[in-house]
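>>> here's a sequence, model it:
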Amino acid sequence: IVVNMFLTGFDAKTLNTLYVDKNLKYHGLVQAFSRTNRIYNDKKPFGNIVCFRNLKQNTDDALALFANKKAKDIAVIPEMHELQKHYDQAAKNLLDICADYKAVDTLETEDEQLAFIKAFREVMRYNEQLGTFVDYDQADTDLNKEDFANFASKYIDLYRNIRTQNKNSEDKTSVLDDINFQIEMLHSDRINVSYILELLKQANKEQDEGNEEKAAQYQAQVDDLIMNEPTFRDKQELIQKFINEQMPKMPDGQTVEEAFAHFWDVEKEAAYQELCKDNNLKADVMQEILRKYETSKRLPDRNEVKALPNYKVKLFERKPLHERLMGKTRDFIQKFY
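As a prediction, the model looks like this:
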């Protein structure tokens with residue numbers, strides 16, 4: 001809520017939404033709106049300004065004065081129907097490159113892959129903006145939710161292949177090395193593991209009450225989310241394992257949440273032990289890295305994984321080894337945390 005004390009000299013990266021019921025103008029408007037523009041993490045790629053007064057002209061004037069005269073063209077999001085036209089055009093450009101998501105696997109050169117990355121990134125950008133409208137339904141576009149999710153899976157595969165690629169030569173360069181994938185636009189708080197568990201709980205309830213059709217509907221929704229939600233790529237196998245192997249054996253009185261929490265802890269501990277054993281890592285150092293992540297939500301960097309090996313690393317093997325360990329550690333975190 002905008003009050004004078006928060007208009008200047010105030011900075012909180014977690015601040016997401018500013019509600020404005022005040023006639024702001026010029027530097028006061030820019031400073032107030034700027035309270036929300038700090039990127040925080042994948043849960044806050046941008047901020048929101050909710051105005052209860054018509055500040056459009058004041059915003060244009062302030063940006064023209066303090067930025068440039070073209071700034072007003074990009075500062076205020078267009079109407080939803082205009083954005084949807086841009087989304088459909090971006091989708092057309094994408095489909096001109098790859099007729100369907102399977103065609104991504106046939107892209108042979110880095111230039112072809114780069115064209116796909118840029119095209120899908122544009123689709124993501126417009127989809128992200130459209131997601132701020134309550135009335136937006138991706139099913140009404142030229143690239144619906146299922147197709148978007150399939151392309152997103154291929155996009156993530158490319159991202160991971162490039163990120164984890166072990167470069168054998170220092171001189172080797174790639175046109176993909178410096179591309180900004182903007183992967184945070186694929187993350188979503190709306191669908192998470194808790195949401196999946198709630199659907200499973202409903203399916204169990206309907207099953208117990210003999211409503212087979214409703215139970216099947218909930219189960220089908222779960223299966224669809226697991227397969228198509230990009231942020232579940234790391235967790236698909238484990239969640240499916242829980243559904244297939246653990247849920248049928250749940251004792252009477254145990255909730256889905258309790259069963260899943262126990263299952264997840266067991267799987268995480270087994271994967272942790274396997275990671276340390278297979279790579280000959282110091283368990284106490286790995287525990288400290290995981291503890292830091294739990295408190296800071298920051299993925300480890302190369303400096304933090306240097307102490308992981310439980311053996312002396314040769315000088316010329318250090319860089320590629322540290323890169324691999326950083327990738328393995330981050331993959332473990334993204335899967336279980």
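>>> any idea of the mean pLDDT for the host helix or strand of residue 125?
Residue 125 is part of helix 110-130, with elements assigned from DSSP states H and E. For helix 110-130, the mean per-residue pLDDT is 90.
>>> now for this protein, the helix or strand with the poorest mean pLDDT.
None of the helices or strands of the chain scores lower by mean pLDDT, DSSP states H and E than helix 72-75, at a mean of 54.
>>> quick one: buried residues of the helix or strand where residue 214 lies?
Per DSSP H and E, residue 214 falls inside helix 212-228. The neighbour-count check on helix 212-228 (16 or more other C-beta atoms under 10 Å) flags 215, 218-219, 222, 225-226, 228 as buried. Placement of C-beta: from N, CA and C, glycine included.
>>> what helices or strands is that helix leaning on?
Taking 3 or more C-beta pairs under 8 Å, 6 or more residues apart in numbering; DSSP states H and E as contact, the helices and strands that helix 212-228 lies on are helix 145-164, helix 193-208, helix 236-241.
>>> closest to residue 35 out of those?
helix 193-208 (29.9 Å; C-beta to C-beta).
>>> quick one: contacts of that closest one?
Helix 193-208 is contacted by residues 212, 214-215, 218-219, 221-222, 225-226, 235, 239, 243, 247, 255-257, 260 when judged by C-beta atoms under 8 Å, 6 or more residues apart in numbering.
>>> quick one: work out the angle between it and helix 212-228.
Our comparison of helix 193-208 with helix 212-228, counting by axes from the mean of the first three to the mean of the last three C-alpha atoms, to 10 degrees, yields an angle of 160 degrees.
>>> helix 193-208: how far from the chain's middle?
Taking C-alpha atoms, centre = their mean, to the nearest Å, the mean C-alpha location of helix 193-208 is offset from the chain mean by 24 Å.
>>> and the next helix or strand past the least confident helix or strand of the chain?
helix 80-97.
>>> low-confidence stretches in the stretch 151-300 of the chain?
Across the stretch 151-300 of the chain, the ranges flagged by pLDDT under 70 are 163-175, 177-178, 183-192, 228-231, 233.
>>> same for the longest helix along the chain, what does it pack against?
Across the chain, the longest stretch assigned as helix under DSSP state H is helix 256-278. Packing partners of helix 256-278 (3+ C-beta pairs under 8 Å, 6+ apart): helix 193-208, helix 236-241, helix 283-296, helix 318-336.
>>> surely residue 329 touches residue 288?
No - counting by C-beta atoms under 8 Å, residue 329 does not reach residue 288; the two are 11.6 Å apart.
>>> from the buried residues of helix 212-228, which is closest to residue 276?
Closest to residue 276, out of all of the buried residues of helix 212-228 and judged by C-beta to C-beta, is residue 226, at 28.3 Å.
>>> name the element residue 60 belongs to?
For residue 60, the host element (DSSP H and E) is helix 56-66.
>>> what kind of secondary structure is residue 49 in?
Following DSSP: H, G, I helix; E, B strand; the rest coil, the label given to residue 49 is strand.
>>> circling back: let me have the helices and strands packed on helix 212-228 in JSON lines, adding distance to residue 293 and mean neighbour count as columns.
As requested, the helices and strands packed on helix 212-228 are exported to JSON lines (distance: least, C-beta to C-beta, whole Å; neighbours: other C-beta atoms under 10 Å):
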{"stretch": "helix 145-164", "distance to residue 293": "18", "mean neighbour count": "18"}
{"stretch": "helix 193-208", "distance to residue 293": "17", "mean neighbour count": "16"}
{"stretch": "helix 236-241", "distance to residue 293": "19", "mean neighbour count": "15"}
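>>> could you dump these to JSON lines with distance to residue 300?
Formatted as JSON lines, the helices and strands packed on helix 212-228 follow (distance: least, C-beta to C-beta, whole Å):
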{"stretch": "helix 145-164", "distance to residue 300": "14"}
{"stretch": "helix 193-208", "distance to residue 300": "22"}
{"stretch": "helix 236-241", "distance to residue 300": "22"}
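>>> for residue 34, which of those is the nearest?
Residue 34 lies closest, by C-beta to C-beta, to one member of those: helix 145-164, at 30.6 Å.
>>> got the CA positions of the closest one in CSV?
The C-alpha trace of helix 145-164 is given here as CSV (Å, rounded to 0.1, in the frame of the first residue of the first chain):
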residue,chain,number,x,y,z
LYS,A,145,-1.6,-25.9,-23.3
GLU,A,146,-0.7,-29.5,-24.3
ASP,A,147,1.3,-28.4,-27.3
PHE,A,148,3.0,-25.6,-25.3
ALA,A,149,4.0,-28.2,-22.6
ASN,A,150,5.4,-30.6,-25.2
PHE,A,151,7.5,-27.9,-26.8
ALA,A,152,8.5,-26.7,-23.3
SER,A,153,9.9,-30.2,-22.6
LYS,A,154,12.1,-30.1,-25.6
TYR,A,155,13.2,-26.6,-24.8
ILE,A,156,14.2,-27.7,-21.3
ASP,A,157,16.1,-30.7,-22.8
LEU,A,158,18.1,-28.4,-25.0
TYR,A,159,18.7,-26.1,-22.0
ARG,A,160,20.0,-29.0,-19.9
ASN,A,161,22.1,-30.5,-22.6
ILE,A,162,23.9,-27.2,-23.2
ARG,A,163,24.2,-26.4,-19.5
THR,A,164,25.7,-29.8,-18.6
